[in-house]
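[1] just to be clear, the model below is a prediction. Sequence and coordinates:
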Amino acid sequence: MTSAPSKPAGRITNKRDLLGAESNNCYIYQDKTKKNKWYLYFLNKENQKPHRKCLKYDDGRYPLSSEEAYRIALETYVELRTRTDRGEVIRKMSISDMCDEFIKKEEKRVRHIPRAGITPPRLRLIKRQMIHFQNYCTNKDYGAGLPSTKSVHTLRDSLLDNYQIFRESTTEQTDPQGKQLPRPQTLNGELSTIKRAFMEVADAQGFITKQKVPSLPYVRVGRQQIQDTRRQSFSPEEWVQLEKCARFYWTRGISRYDKNGDLLGYEKITRSKNKGQDSKVTITRSNLYKVNNSGVKKASGPKSMRAIHQLDHRRMIYHAARISMDTGIRIGSLEKMKWCHLSDNKSWSKENRKSWVIITVPAENTKTGRWHEIAAPVNAHFEKLRYITGGKKDDFIFTNRSTGKPFSKRMWSTNLNEMLVESGLATWRPRNDANARPIDVKSGKKYSWYSFRHTFITFALNRGVPITTVCNNCDTGIKYVQDHYFHFDARGKETQSALMVGRKYSPKQSLNPDWMKDNLIDDSEETV
């Protein structure tokens, strides 16, 4: 059998065989071209692969004599042979290398079509999860206290036992209900991603075996946390307040609050016996540069196209909120909507076609990857948007008036926060960076653009719209709606009224079965 080539004889000095390992052609030597460092060489005859490794102590020092090198070589040879016998590769992979390889692997899966891969936000989440894992490994106070260069095959099985303690201790935050963050569901998601990194990189490339993957602790989710899954939606009073304030103040470029967020108050009565008292007319100020209440540029002073575009953006966002509220469409689908996605139903009456419209949502614009259509009386809002943008068939509806590009995530979120503050549902927090200004919702809820979808579903169910119609119009499942929106109350009056639909009359006697007869049954016919 032909052995693998060894180093040229001219480079090898002080060669010495390892006792008991002669069958694997194992020996140590000094390499003159490597500053006379000591090396271990052996041949794995099962796969005919040669292995060479520079000998050094754990603290990085190199052996100075043949005896020191021989002792290190014996320990190294036993370790390497054990790894090769288990089917692992001799090359080592560090914790940081594994995380980097896993992120590169996930970057190749990024797709902009649902269900075809992962989305860019999902990739950002995975990157943050890998950062948390590396911080845990290197943290000496609450984590594992290991160097990032630690080889994955040397990690102990209980590596992740203290992961929850580390995350809670380093986060030091609570949710609005006072519960410790991160939530158990978040921790379980992070642990699942960490396991994927070990399985899909370290194990798949042969650096470890499945038995060497650290055990994952399961963070228990309380029963109350499982049951309390209602979505954050607007109450009827909150929605009316938000819509009116946005329409009368925010979309006109004026505000009832000063720059510090304090209410400006009401104008004083100048005549009659109530002179000097507060009237019902609110004091407002313009919060757009050189734009008056009607949205027309002032004749005097510098003209600002930026302010005009900002006012257009507010009106577009307002109509987007009304469309979302009347359709239940997902914000991701609304952002990607084009004018060609709108159509009318020829079977409708002329009167209905003036207000109703069919919205086609392509599969690539949905979270579920399913094509569906939405029917809603929102044609008037689209007509206003067409007047503002002058969009053509293949154009996106919600585009920046300055650049022509679709609205950014920041524009959607910032304008929603401004509407909530102007309506009095929220207050500004101190600005913590240059790009975003967070808010505190007075009710403790956490509003987002999905709140309009949740409110639409809740209102539709309360109006008595069949749950199947709501689910198909919103592209969601009945089980999901039951778990998150609809709460059955057997004692409620609405429940009794709903169950009485189709009955002949209310039962006056508990033992009278006639009230359950179907309306289609003819009482005059005798029962055979």
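    Arrived safely, thanks for sending.
[2] contacts, neighbours, all on C-alpha from now
    Fine.
[3] element containing residue 310, please.
    Element membership for residue 310, per DSSP states H and E: helix 305-327.
[4] buried residues in that helix?
    307-308, 310-327 (16 or more other CA atoms under 10 Å).
[5] that one - contacts with which helices or strands?
    With contacts taken as 3 or more CA pairs under 8 Å, 6 or more residues apart in numbering; DSSP states H and E, helix 305-327 sits against helix 331-335, strand 372-376, helix 379-389, helix 409-422, helix 450-462.
[6] if we use 6 Å, what do you get?
    Counting contacts by 3 or more CA pairs under 6 Å, 6 or more residues apart in numbering; DSSP states H and E, helix 305-327 is packed against helix 450-462.
[7] look up how far residue 69 lies from the nearest residue in space to residue 36 that is not next to it in sequence.
    The shortest distance from residue 36 to any non-neighbouring residue, by CA to CA, 6 or more residues apart in numbering, is to residue 30 (5.1 Å). Using CA to CA, to the nearest Å, residue 30 is found at 10 Å from residue 69.
[8] again with residue 454
    Residue 454 is 70 Å from residue 69, by CA to CA.
[9] kindly report the same for residue 395.
    72 Å.
[10] what segments of the chain are strands?
    12-17, 27-31, 37-44, 49-54, 254-255, 266-268, 278-282, 285-286, 342-343, 357-361, 372-376, 426-428, 439-441 (DSSP state E).
[11] and residue 121, which of these is closest to it?
    Each of the strands of the chain has some distance to residue 121 by CA to CA; the shortest is strand 357-361, at 21.1 Å.
[12] tell me the angle that closest one makes with helix 379-389.
    Comparing the axes of strand 357-361 and helix 379-389 via axes from the mean of the first three to the mean of the last three CA atoms, to 10 degrees yields an angle of 70 degrees.
[13] identify all contacting residues around strand 357-361.
    341, 342, 343, 344, 371, 372, 373, 374, 375, 376, 379 (CA atoms under 6 Å, 6 or more residues apart in numbering).
[14] can you list the weak-confidence ranges in the stretch 401-528 of the chain?
    431-436, 486-496, 498-528 (pLDDT under 70).
[15] now the helices: where do they sit in it?
    409-422, 450-462, 467-474, 478-484, 493-499 (DSSP state H, counting those that start in this stretch).
[16] same for the second one, what does it pack against?
    Helix 450-462 sits against helix 305-327, with contacts defined as 3+ CA pairs under 6 Å, 6+ apart.
[17] mean confidence (pLDDT) on the helix it packs on, please.
    Helix 305-327 carries an average pLDDT of 92.
[18] how about it as CSV, C-alpha atoms only?
    Extracted in CSV, the C-alpha atoms of helix 305-327 (Å, rounded to 0.1, in the frame of the first residue of the first chain):
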residue,chain,number,x,y,z
MET,A,305,-41.3,71.5,-1.4
ARG,A,306,-40.3,69.2,1.4
ALA,A,307,-43.2,70.4,3.5
ILE,A,308,-45.6,70.0,0.6
HIS,A,309,-44.4,66.4,0.1
GLN,A,310,-44.6,65.8,3.8
LEU,A,311,-48.2,66.9,3.8
ASP,A,312,-48.9,64.6,0.9
HIS,A,313,-47.3,61.7,2.8
ARG,A,314,-49.6,62.4,5.8
ARG,A,315,-52.7,62.3,3.7
MET,A,316,-51.5,59.1,2.0
ILE,A,317,-50.8,57.5,5.4
TYR,A,318,-54.2,58.5,6.6
HIS,A,319,-55.9,56.8,3.6
ALA,A,320,-53.7,53.8,4.1
ALA,A,321,-55.0,53.5,7.7
ARG,A,322,-58.6,53.8,6.5
ILE,A,323,-58.0,51.1,3.8
SER,A,324,-56.3,48.8,6.3
MET,A,325,-59.2,49.4,8.7
ASP,A,326,-61.9,48.5,6.1
THR,A,327,-60.1,45.6,4.5
